[in-house]
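J.: coords please:
(2 chains)
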Amino acid sequence: MKPHPNMRETYGLTLVELGRENRDIVALEADLGKSTRSVLFQEAFPDRYFQMGIAEQNMAAAAAGLALVGKIPFIHSFAVFAAGRAFDQLRTTNCIPSLKIRICGSSYGFSDFGDGKTHQSVEDIAIMRSLPNMTVLSPMDSIETIKMMECLIDWPGPVYIRINRSDLPLLFPADEPYSIGKITKLRDGSDVALVAAGIMVSRSLEAAGILAERGIFARVLNLSTIKPLNREALIEAVMGVRAIVVSEEHNIIGGLGGAVLEALRAVPHAPVEIVGIKDCFGTSATNYDEILARFGLTGSAIAGAAMDLLRLR
Amino acid sequence: MADTATIQKLERLALQLRFDLVEMIGVGKAGHLGGSSSMAEIVACLYFHAMHYNPANPKDPERDRFLLSKGHCVLIQYAALVELGVIPREELKKAKTLDCCLQGHPDMDRTPGIEAVTGSLGMGLSVGLGMALGLRLDGRPNRVYVAVGDGELSEGQIWEAAMAAAAYKVDNITGIVDFNHVQATGPTKEILHNPDIAKKWKAFGWEVLEIDGHNIGQILNALEKAKKVAGRPAVIIAETVKGKGFSFAENNAAFHNGIFTEDLYRQALSELQAQRTALERRLRRR
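T.: Residues are numbered from 1 along each chain as shown, chains lettered A, B, ... in the order given. Here you go, the predicted model:
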């Protein structure tokens, strides 16, 4: 499939492709199908699409029932509701028995920039990765979204996948073999490791460019499988650098930065800084770049954090 | 109507399930006696008559499924699964101890015959709805039975599921409300009054059948009727007595999750023994 630059559109198109390959795939929606793009699945397979209305809790537990009779349910909502509103239903009915359901947390982070605090997720990774058995994924662009979703037919247990509302630059190496857990190195450098997921990968690449102008060489690592985090691969990937900057479109508490620090525990490693949302909620904005800049989620902020760790600023 | 022999068999089984409850709870352990014993006749009727269920193959895809949304009362389901031979009888005494397969709430990975994980209240009807939708999609003839508590009806999710089941015209699900009027900390109408339960289910688009939940004939009848309802879901509202069969526990919130002292344990067994003697005498007279 050809990746559409818009991640949610790619998600919807890929779900239809998967649905064509596998008749067990069903989709459930809580009345956000036009946004999550599950509507594309509805058009293609109306009998395998369940519009559950604005009732996320029922949707999440009904998905468990569908999984228990052999279906592979994909459930949809905005990330903030998918992870927050139905937490206990995901925990009890899906995660405890490790059922094969897929949770699309759409419009994650600030990508729903207009809707403000209530609709922007700053805590979904923390919530989802605290659940035993849950896999947590955050693709960096549409190319990776397709590759990741193709793994979701066979991957065991529940999966939470963070899907962005926006067009993101297509930077993932299309020809590399892919599997869940892979840490992709997008740029090499010996001084600094910039670790990121989602849109922050492209921001980290910008940071690497800024740092290179100052003679500092950064490697950029896409850590899109946030859980189960490939600990050995991460330790190896950050070996030898003098600073590590993790950036995330998420609260700095409990997100990717936390996951990286947990993974690096008990091994010697370079100092780590986290560039993320500093334990606060979002705000309405007129565009995505504007809100990301307001919260310091920029290439220059990442570069600055690296310079601080290297005591160059 | 079910024949006399069937009713007699099920009366004996319901009593045996109560004996099993006592064995599982034992002395000094807490167990959800009240809401388990209020379900004894219903569970006996389901597993030993109404459900299409082959105990030799509890994973048969062509089986009917029984979920306890009121998962704390799983002891009564364990009892039935023991009597069916799905769970080894020697597990009864070890219930809720470390490493025993009989957990405090339904755990499908630990316990043979358990169909889902429930126990955080309000979720089982949704899980059952998902199963029913999936079975229908596959053209399977099987039914899903979901028991919910009357206290549990305070959970909003129950009504989300009720609404969706009616909207999808799901008629391969049978809901059962164990209407025993008592919840963990007191009478349901004192905790949060929830009147007109039957009217509420009707308003949500369900066929409603109201019965005495300890009367085997009425239970079998209602289960059969519910099966025949087409184009919408059916719920059986079963009027029951919490703690039924144990004088000290009947209508008593203290035995929602009570502990047997040595004396109470002996009393429970002797009360059941007296019920068995009376039952056998009554059955001989028939």
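J.: for chain A, which strand is longest?
T.: Longest strand in chain A, counting residues (DSSP state E): strand A:243-251.
J.: give the buried residues for it.
T.: Residues A:243, A:244, A:245, A:246, A:247, A:248, A:249, A:250, A:251 are the ones in strand A:243-251 that count as buried (16 or more other C-beta atoms under 10 Å in any protein chain shown). C-beta: built from backbone N, CA, C; applies to glycine.
J.: where's stretch A:139-146 relative to the chain centroid, distance-wise?
T.: 10 Å (C-alpha atoms, centre = their mean, to the nearest Å).
J.: name all residues that make contact with the closest residue in space to residue B:32 that isn't next to it in sequence.
T.: Excluding its sequence neighbours, the residue lying closest to residue B:32 (C-beta to C-beta, 6 or more residues apart in numbering or on different chains) is residue B:72, at 4.5 Å. Residues in contact with residue B:72 (C-beta atoms under 8 Å, 6 or more residues apart in numbering or on different chains) are B:32, B:35, B:104, B:105, B:119, B:257.
J.: out of those, which is most surrounded?
T.: Ranked by the number of neighbours (other C-beta atoms under 10 Å in any protein chain shown), the contacts of residue B:72 place residue B:35 first, at 30 neighbours.
J.: how much space separates the closest residue to it other than its chain neighbours from residue B:39?
T.: Spatial nearest neighbour of residue B:35, excluding adjacent residues (C-beta to C-beta, 6+ apart): residue B:73 at 4.2 Å. Residue B:73 sits at a distance of 6 Å from residue B:39 (criterion: C-beta to C-beta, to the nearest Å).
J.: equivalent analysis for residue A:106, please.
T.: 41 Å.
J.: repeat for residue B:25
T.: 15 Å.
J.: so for the two, which sits in the more crowded spot?
T.: Just comparing residue B:25 and residue B:39: by other C-beta under 10 Å the higher neighbour count belongs to residue B:39, 31 against 26.
J.: surely the more buried one meets residue B:71?
T.: No - using C-beta atoms under 8 Å, residue B:39 is not in contact with residue B:71, being 12.0 Å away.
J.: ok, now which ones touch residue 169?
T.: With no chain named, the answer covers chain A. By C-beta under 8 Å, 6+ apart, residue A:169 lies in contact with A:5, A:141, A:202.
J.: that answer is for a different chain, and I need it for chain B
T.: With C-beta under 8 Å, 6+ apart, residue B:169 has these contacts: B:231, B:232.
J.: element containing the residue in the stretch 101-250 of chain B that chain A sits nearest to, please.
T.: Of the residues in the stretch 101-250 of chain B, the one nearest chain A is residue B:130, at a distance of 2.3 Å by C-beta to the nearest C-beta. Assigned by DSSP states H and E, residue B:130 belongs to helix B:124-137.
J.: also residue B:75?
T.: Using DSSP H and E, residue B:75 falls within helix B:74-84.
J.: go through that helix and flag the buried ones.
T.: Neighbour counts over helix B:74-84 (16+ other C-beta under 10 Å) mark B:74, B:75, B:76, B:77, B:78, B:79, B:80, B:81, B:82, B:83, B:84 as buried.
J.: what would the residues you listed look like in a markdown table with distance to residue B:280?
T.: Output for the buried residues of helix B:74-84, formatted as a markdown table (distance: C-beta to C-beta, whole Å):
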| residue | distance to residue B:280 |
| --- | --- |
| B:74 | 29 |
| B:75 | 25 |
| B:76 | 22 |
| B:77 | 26 |
| B:78 | 25 |
| B:79 | 20 |
| B:80 | 21 |
| B:81 | 25 |
| B:82 | 22 |
| B:83 | 18 |
| B:84 | 22 |
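J.: pLDDT and distance to chain A for these - can I get that in CSV?
T.: As requested, the buried residues of helix B:74-84 are exported to CSV (pLDDT from 0 to 100; distance: C-beta to the nearest C-beta, whole Å):
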residue, pLDDT, distance to chain A
B:74, 98, 14
B:75, 98, 19
B:76, 98, 20
B:77, 98, 16
B:78, 98, 17
B:79, 98, 22
B:80, 98, 19
B:81, 98, 17
B:82, 98, 22
B:83, 98, 24
B:84, 98, 20
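J.: what about residue B:88, distance to residue A:253?
T.: Distance from residue B:88 to residue A:253, by C-beta to C-beta: 47 Å.
J.: same question for residue B:259.
T.: Distance from residue B:259 to residue A:253, by C-beta to C-beta: 41 Å.
J.: could you do residue B:9 as well?
T.: Noted for residue B:9: a distance of 60 Å to residue A:253, by C-beta to C-beta.
J.: which bits of chain A sit near chain B?
T.: For chain A, the residues in contact with chain B (C-beta under 8 Å from any C-beta of the partner chain) are A:26, A:47-48, A:50, A:52-53, A:55, A:57-58, A:60-71, A:73, A:88-89, A:91-93, A:96-98.
J.: stretch A:165-174: end-to-end distance?
T.: Using C-alpha to C-alpha, to the nearest Å, the end-to-end distance of stretch A:165-174 comes out at 21 Å.
J.: could you do stretch A:306-313 as well?
T.: End to end - C-alpha to C-alpha - stretch A:306-313 spans 9 Å.
J.: over to stretch A:114-134?
T.: Stretch A:114-134 has an end-to-end distance of 30 Å (criterion: C-alpha to C-alpha).
J.: just the helices in chain B please.
T.: B:4-25, B:33-37, B:40-45, B:74-84, B:124-137, B:156-167, B:188-191, B:197-203, B:216-228, B:262-285 (DSSP state H).
J.: and those, which is most packed in?
T.: Mean neighbours per residue, mean count of other C-beta atoms under 10 Å in any protein chain shown, is largest over the helices of chain B for helix B:33-37, with a mean of 31.
J.: what does that one contact?
T.: By C-beta under 8 Å, 6+ apart, helix B:33-37 touches B:18, B:21, B:25, B:70, B:72-76, B:79, B:149, B:178, B:180, B:182, B:242-246, B:249, B:252-253, B:255-258.
J.: 6 Å instead, please
T.: B:18, B:21, B:73, B:75-76, B:242-245, B:249, B:255-256, B:258 (C-beta atoms under 6 Å, 6 or more residues apart in numbering or on different chains).
J.: of those residues, which pair is most distant in space?
T.: Farthest pair in these (C-beta to C-beta) is B:18 and B:256. Separation: 16.3 Å.
J.: center of the chain - which residue?
T.: You didn't say which chain, so I picked chain A. Residue closest to the average C-alpha location in chain A (C-alpha atoms, centre = their mean): residue A:138, at 1.9 Å.
J.: looking at chain B here, not the other one
T.: residue B:39 (4.4 Å).
J.: name the nearest residue to that one, ignoring sequence neighbours.
T.: Excluding the flanking residues, the one nearest residue B:39 by C-beta to C-beta, 6+ apart is residue B:76, at 4.8 Å.
J.: again, but for residue A:128
T.: Leaving aside its chain neighbours, residue A:128 sits nearest to residue A:160 (4.2 Å; criterion: C-beta to C-beta, 6+ apart).
J.: where does the residue in chain A positioned nearest to chain B sit: helix, strand or coil?
T.: Using C-beta to the nearest C-beta, the closest approach of chain A to chain B is made by residue A:65 at 2.3 Å. Under the three-state scheme (DSSP: H, G, I helix; E, B strand; the rest coil), residue A:65 adopts helix.
J.: so it makes contact with residue B:133?
T.: No - in this structure, residue A:65 is not within contact of residue B:133 by C-beta atoms under 6 Å, at 7.3 Å.
J.: what sits up against stretch B:54-65?
T.: Contacts of stretch B:54-65 (C-beta under 6 Å, 6+ apart): B:51-53, B:84-86, B:112-113, B:115, B:131, B:142-144.
J.: between which two of those is the distance greatest?
T.: Maximum pairwise distance in the contacts of stretch B:54-65, criterion C-beta to C-beta, is 23.8 Å, between B:85 and B:131.
J.: now for residue A:118, how many residues are close by?
T.: 11.
J.: how about the secondary structure of it?
T.: What three-state DSSP gives for residue A:118 is helix.
J.: which secondary structure element contains the residue nearest to residue A:250 when sequence neighbours are not counted?
T.: Of all residues beyond its chain neighbours, the one nearest residue A:250 is residue A:125 (5.0 Å), with distances taken as C-beta to C-beta, 6+ apart. In this assignment (DSSP H and E), residue A:125 forms part of helix A:124-129.
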